[in-house]
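K.L.:
the sequence and its predicted three-dimensional model are supplied below.
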Amino acid sequence: SQTVTIQKDMKENSNKILEFIDLRKIGLGLSEENASILHYNRGLNYWHSNQKYCSACGSPTKNSNAGHSKICESSTVDPKKCSSHEYYPRINPAVIFLIETKDSDYVLLSRQSKWRKHQYSILAGFVDKAESIEDSVRREAYEEAGVHVDNLIYYGSQPWCFPNSLMMGFYCKINKDPEEIKLIIDYNELEDAGFFHRSFIEKLMTNNINQNSN
């Protein structure tokens, strides 16, 4: 069973120096089951640390439903003092999207100044109020890189517990060649952005996999 396996691992590693590691650093090496459990725990712990007080009256909250919800202590003692409802973990919807050029050979990547050196990613952002996820993609693409995107195709979703998002992924296109596109980068959000050829990205990913396997 899983319990026996965990106890065996703990016994084998009892004489080793153990340390806490950022989940983002080991996420790709986890099984789907373990990744799901750890993401759930991280998201729930973050919510507990930020929902200590009732937002209606300021009284402390206490756990309910085995820690899966919280209720205001005042509302349980005197409902007239606070009629706040039960609190549940908050989830912030966000979009992440791959922008391709006309021939699909180039993709747009960007980086933030706080990231590790040479780290780039596709664009992403939070969904605004009264906004569809498709409109969020279009808005974020224009706000951060000054580009208009078309042909949006939904890819899938993934929980993202850093700290409490649900990421929804899209493919989209700019129906132009890279040399025809003028990026207008929002330097308040991004440090750099540009188009990268698929072969270059594939080479980098292959090198990174080989280094990690050695």
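P.N.:
Perfect, I can see it now.
K.L.:
going forward, measure contacts between C-alpha atoms and count neighbours the same way
P.N.:
OK.
K.L.:
extract the CA atoms of the biggest strand by length in the chain and return them as CSV.
P.N.:
Secondary structure of the chain per DSSP state E: the longest strand is strand 150-160. Extracted in CSV, the C-alpha atoms of strand 150-160 (Å, rounded to 0.1, in the frame of the first residue of the first chain):
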residue,chain,number,x,y,z
ASP,A,150,-6.7,35.0,-33.8
ASN,A,151,-7.7,31.4,-34.2
LEU,A,152,-7.9,30.6,-30.5
ILE,A,153,-8.0,26.9,-29.8
TYR,A,154,-8.6,25.6,-26.2
TYR,A,155,-6.1,23.0,-25.2
GLY,A,156,-6.8,22.1,-21.6
SER,A,157,-6.7,23.1,-17.9
GLN,A,158,-4.4,22.5,-15.0
PRO,A,159,-4.5,23.4,-11.3
TRP,A,160,-1.7,25.8,-10.4
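K.L.:
end to end, how far does stretch 55-65 reach?
P.N.:
Its first and final residues considered, stretch 55-65 spans 19 Å by CA to CA, to the nearest Å.
K.L.:
please compute how far it lies from its chain's middle.
P.N.:
Computed by CA atoms, centre = their mean, to the nearest Å, the chain-centroid distance of stretch 55-65 equals 27 Å.
K.L.:
try stretch 150-162
P.N.:
10 Å.
K.L.:
quick check: mean pLDDT of it?
P.N.:
The average pLDDT within stretch 150-162 is 93.
K.L.:
same question, stretch 19-33
P.N.:
82.
K.L.:
how long is that stretch end to end?
P.N.:
22 Å.
K.L.:
can you check stretch 98-110 too?
P.N.:
11 Å.
K.L.:
and the longest strand of the chain, what does it pack against?
P.N.:
Here strand 150-160 touches strand 165-173, going by 3 or more CA pairs under 8 Å, 6 or more residues apart in numbering; DSSP states H and E.
K.L.:
and the strand it packs on, what does it pack onto?
P.N.:
Strand 165-173 packs on strand 92-100, strand 150-160, going by 3+ CA pairs under 8 Å, 6+ apart.
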